[in-house]
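Novice: Sequence and predicted structure, then a few things I'm wondering about:
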Amino acid sequence: MTAGALAAATPALAATVSAQDPASLAEALKGAGHEVTAGIDDTGDPVLDLVMQGYKARLLFLDCDEAAHDKCGSVQFFSSFDAEGAGLTASDAVRFAGRHRYGAVTLNASGDPTLRWDVETGDGIPREVFVTAAARFLGTVQALGAVVFPKMAGQ
């Protein structure tokens, strides 16, 4: 690789984010226009509370060092809904997940769905890749919101 190619690659390498650096993820999400509040979850690991175009979500930090609660390896976007009426059935959740390949949907006993979306960051991924994952998560949250609240979506 030539010196010019190395110099051109350096900015891309610098623009990485990682679960090991929660502030890098918070800044990337803020830069994408989302409200972000940093905190600590019940186990002592970092967590980011998010408002993404009116939808509340959390960014959970996973695979963290159990003693120090740092050196996390991945994150999980997480959003729960309180469905109107009877909520969703298991087949509704499977059908939805089939159309939205990155999201995992679970239901509580009342049929209220929770959407989970994992992102492995390891030592770092390009900021743009993380912001794209966040945008896709938001699109999936909006799609689930239209299913859960059909009157609000005009259905």
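Specialist: In hand now; what should we look at? The model shown is predicted, which means the values in this text are computed figures rather than measured ones.
Novice: Quick one: the strands in this protein, in order.
Specialist: 16-17, 35-40, 46-52, 55-62, 74-80, 104-107, 113-120, 125-126 (DSSP state E).
Novice: Low-confidence regions, this structure specifically.
Specialist: Within the chain, the stretches with pLDDT under 70 are 1-14, 151-155.
Novice: cutoff 50 now
Specialist: 1-3, 5-7, 9-10, 12, 155 (pLDDT under 50).
Novice: re earlier: just put the strands of the chain in CSV and tack on mean neighbour count and distance to residue 147.
Specialist: From N, CA and C alone the C-beta is placed, and that goes for glycine too. Output for the strands of the chain, formatted as CSV (neighbours: other C-beta atoms under 10 Å; distance: least, C-beta to C-beta, whole Å):
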stretch, mean neighbour count, distance to residue 147
strand 16-17, 22, 30
strand 35-40, 13, 24
strand 46-52, 19, 17
strand 55-62, 20, 13
strand 74-80, 20, 13
strand 104-107, 16, 10
strand 113-120, 19, 8
strand 125-126, 14, 30
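Novice: which residues of the chain fall in helices?
Specialist: For the chain, the helices defined by DSSP state H occupy 3-14, 22-31, 90-99, 127-148.
Novice: Now do the contacts for the closest residue to residue 105 other than its chain neighbours.
Specialist: Residue nearest to residue 105 in three dimensions, not counting chain neighbours: residue 93, with 4.4 Å by C-beta to C-beta, 6 or more residues apart in numbering. By C-beta atoms under 8 Å, 6 or more residues apart in numbering, residue 93 lies in contact with 105, 106, 107, 113.
Novice: try residue 112
Specialist: Each residue near residue 112 by C-beta under 8 Å, 6+ apart is listed here: 80, 81, 82, 83, 87, 88.
Novice: ok, now which ones touch the third one?
Specialist: Put plainly, it is residue 82. Going by C-beta under 8 Å, 6+ apart, residue 82 touches residue 112.
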